[in-house]
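Undergrad: the sequence isn't on hand, but the structure is:
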């Protein structure tokens, strides 16, 4: 039987925790690091090794995985004091599940390769916490074909689909497209639920009524019932994440000379909602943009 590669993982958050649990369940040796070390405790109890710095992750792993908040955090974890670049070696491979700016991803991948010889795959995911828990994520990958095939068995422990989209950065472009669709969809779902409520229609039946039709989608099935029932906990994803990704998509579209007027408007609406105190809340709270004040909590 072939020896499983040793893995390291930085970023034990809403997505990183269930992804790490899946890797441990698949039998992979796993080393973990998080800025808040307490978040690693459940994984250590399940058999993972914990280290104190990102650089130390490279001492214990063939493949290093990241699932971090944004471009700035990834840059700090990779190139900052005691960062990954300090411990990286030729032949190791970094797999970044974070959602980042494509241009920055290409720049960081080139810098890491020139400084250390370490390869880079951008492999953002879609499917949310539920997808991470069920290992049903869709994973879109940018990078060298040989590197993608090297990690494909590991990625299939986390997702139901792994699609190689092209060179480094292509995964992030694909994720930007994904987030444009998801965020715009979430805003329209909020409009629809509010319209149904104002019209005297039972909005809790919308998802069921539209299931299987052209308007159906996973966001509809998830968000419409939550919005109709004012069920905003537990937080499955964050408004700030959608806003960050929309801003990144609009910025990248400008760099490419591509028009994205709907996503630009969605970003402003998401910013308005976040500015009203909802940045750390679930996107189901977008219904508050359209309900009359005090109509429902």
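TA: Nice, thanks for sending it over. This structure is a prediction, so every number in the text was calculated from the model and none was measured.
Undergrad: after the strand ranked longest in the chain, heading C-terminal, what element do we hit next?
TA: Taking residue count as the measure and DSSP state E as the definition, the longest strand of the chain comes out as strand 159-166. Proceeding C-terminally, strand 159-166 gives way to helix 170-198 as the next helix or strand, assigned by DSSP states H and E.
Undergrad: buried residues in whichever helix or strand comes after that next one?
TA: Where DSSP H and E defines the elements, the next helix or strand beyond helix 170-198 is helix 206-210. Of the residues in helix 206-210, those buried by neighbour count under the rule 16 or more other C-beta atoms under 10 Å are 206-207, 210. For glycine as for every other residue, the C-beta is placed from the backbone atoms N, C-alpha and C.
Undergrad: walk me through which strands the longest strand of the chain pairs with, and which way each runs.
TA: In the sheet, strand 159-166 lines up against strand 137-142 (parallel) (DSSP bridges).
Undergrad: how about the helices in this structure?
TA: With helices called from DSSP state H, the chain shows them at 16-25, 41-45, 54-57, 71-79, 84-87, 102-116, 128-134, 145-155, 170-198, 206-210, 218-229, 239-256, 261-273.
Undergrad: tell me which of these sits most buried.
TA: Compared across the helices of the chain, helix 54-57 shows the largest average neighbour count, a mean of 23 (mean count of other C-beta atoms under 10 Å).
Undergrad: which elements pack onto that one?
TA: Packed against helix 54-57 by the contact rule (3 or more C-beta pairs under 8 Å, 6 or more residues apart in numbering; DSSP states H and E) you find strand 7-10, strand 30-33, helix 84-87.
Undergrad: among those, which is nearest residue 245?
TA: Between residue 245 and these, the shortest gap by C-beta to C-beta is with strand 7-10, which sits at 19.8 Å.
Undergrad: and the closest one, how far from the chain's centre?
TA: Taking the mean of its C-alpha atoms, strand 7-10 sits 16 Å from the chain's own mean (C-alpha atoms, centre = their mean, to the nearest Å).
Undergrad: farthest residue from the center of this protein?
TA: With C-alpha atoms, centre = their mean as the measure, the chain has its most outlying C-alpha, relative to the mean C-alpha position, at residue 200: 36.5 Å.
Undergrad: contacting residues for the closest residue to residue 272 other than its chain neighbours?
TA: Nearest-residue entry for residue 272: residue 289, 7.2 Å, with adjacent residues in sequence omitted and distances by C-beta to C-beta, 6 or more residues apart in numbering. Under the criterion of C-beta atoms under 8 Å, 6 or more residues apart in numbering, the neighbours of residue 289 are 187, 190, 269, 272-273.
Undergrad: return the member of the residues you listed nearest to residue 39.
TA: residue 273 (27.0 Å).
Undergrad: please name the residues that touch that closest one.
TA: Each residue near residue 273 by C-beta under 8 Å, 6+ apart is listed here: 239, 285-286, 288-289.
Undergrad: cutoff 6 Å now
TA: For residue 273, the contacting residues are 286, 289, taking C-beta atoms under 6 Å, 6 or more residues apart in numbering as the criterion.
Undergrad: so how far is residue 280 from it?
TA: Plainly put, residue 273 is 12 Å away from residue 280 if you go by C-beta to C-beta, to the nearest Å.
Undergrad: what of residue 221?
TA: Counting by C-beta to C-beta, the gap between residue 221 and residue 280 amounts to 24 Å.
Undergrad: next one: residue 8
TA: According to C-beta to C-beta, residue 8 and residue 280 sit 28 Å apart.
Undergrad: when these two are compared, which one has more neighbours?
TA: Comparing residue 8 with residue 280 by neighbour count (other C-beta atoms under 10 Å), the higher total belongs to residue 8, at 28 against 11.
Undergrad: quick revisit: tell me, what's the model's pLDDT at the residue nearest to residue 272?
TA: Turning to residue 289, the model gives it a pLDDT of 97.
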